[in-house]
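1. Task: produce atomic coordinates for the following.
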Amino acid sequence: MCYFDQVVWACGNWRWSKFREQCNKEYRIGETCGLKLVYGRQDEAKDCKICDQVTKKENWIRRTTERMARLREWKHLASLERCEEEVTSLKGEILRLHEQHSANMSGGAAFRSESGNPFEFHTSLGGPFSRPAIPVGLTERQDDLPSTMLFEIYAARRQTRPKDNNNHLLRLSKTSAGVKKHGKTLA
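-> Numbering: from 1, shown residues only. Take a look at the predicted model:
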């Protein structure tokens, strides 16, 4: 239970900062035990680097969509396709950054809310230790074949399965070290 400072940004993301105090359980100088506790909290007025990257990419998407509107008027189709590809790749990067941000906010475990917004608090999920419900589609049978027909299909597959050549006893020669032991042949 060693103590560290904690930096909290305006968006809610946080990170560990400087080492402050060693606990009684760790007696070696310069070493810390595995458990980190907050000694002091430093609030930052600005957003974290991930939020800055997201806003930059959103501004880039806004400028590109404005450029796409002009390209549609001028009927530059090749440039329009390139801009569309650029926007889709930027949206993918933004989604990846949102997932990374939500993983950092929840301490390493990513939680998804019903709205899909990773910045929304996960109170609707029942807290960080709640178990998701199993979808009904996973508990029901997906096929409409009777069980006797499935049994026949599986039996036919077993009979037509190729012989297992990975058996180590089949690959050993009669004079190998593992085959003859105490005058008895194992294979």
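2. buried stuff in stretch 58-66?
-> Within stretch 58-66, the residues scored as buried using 16 or more other Cβ atoms under 10 Å are Ile61, Thr64. C-beta here means a position set from N, CA and C on the backbone, and glycine is covered the same way.
3. What's the mean pLDDT across it?
-> For stretch 58-66, the mean per-residue pLDDT is 97.
4. would you put the C-alpha positions of it in PDB?
-> Provided in PDB are the C-alpha atoms of stretch 58-66 (Å, rounded to 0.1, in the frame of the first residue of the first chain):
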ATOM      1  CA  GLU A  58     -13.200  15.800 -35.200                       C
ATOM      2  CA  ASN A  59     -12.000  19.200 -36.500                       C
ATOM      3  CA  TRP A  60     -10.300  17.500 -39.300                       C
ATOM      4  CA  ILE A  61     -13.500  15.600 -40.200                       C
ATOM      5  CA  ARG A  62     -15.500  18.800 -40.100                       C
ATOM      6  CA  ARG A  63     -13.000  20.500 -42.500                       C
ATOM      7  CA  THR A  64     -13.000  17.500 -44.800                       C
ATOM      8  CA  THR A  65     -16.800  17.300 -44.900                       C
ATOM      9  CA  GLU A  66     -16.900  21.000 -45.900                       C
END
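5. Now do Tyr39 against His76, distance only.
-> Noted for Tyr39: a distance of 59 Å to His76, by Cβ to Cβ, to the nearest Å.
6. do the same with Gly30
-> From Gly30 across to His76, the span is 63 Å (Cβ to Cβ).
7. neighbour-wise, which of those two wins?
-> Per other Cβ atoms under 10 Å, whichever of Gly30 and His76 has more neighbours is His76, with 15 against 7.
8. give me phi/psi at that one?
-> As for His76, its main-chain torsions (degrees, to the nearest 10) stand at phi -100, psi 90.
9. any idea which element the nearest residue to Glu84 once chain neighbours are set aside lies in?
-> Leaving aside its sequence neighbours, Glu84 sits nearest to Met68 (Cβ to Cβ, 6 or more residues apart in numbering; 7.0 Å). For Met68, the element it lies in under DSSP states H and E is helix 49-74.
10. which element follows that helix toward the C-terminus?
-> By DSSP H and E, the next helix or strand past helix 49-74 is helix 77-105.
11. buried stuff in that following helix?
-> Leu80, Cys83, Val87, Leu90, Ile94, Leu97, His98, Gln100, His101, Ser102, Asn104, Met105.
12. From Ile61, how far off is the first one?
-> In this structure, Leu80 lies at 15 Å from Ile61, with Cβ to Cβ as the measure.
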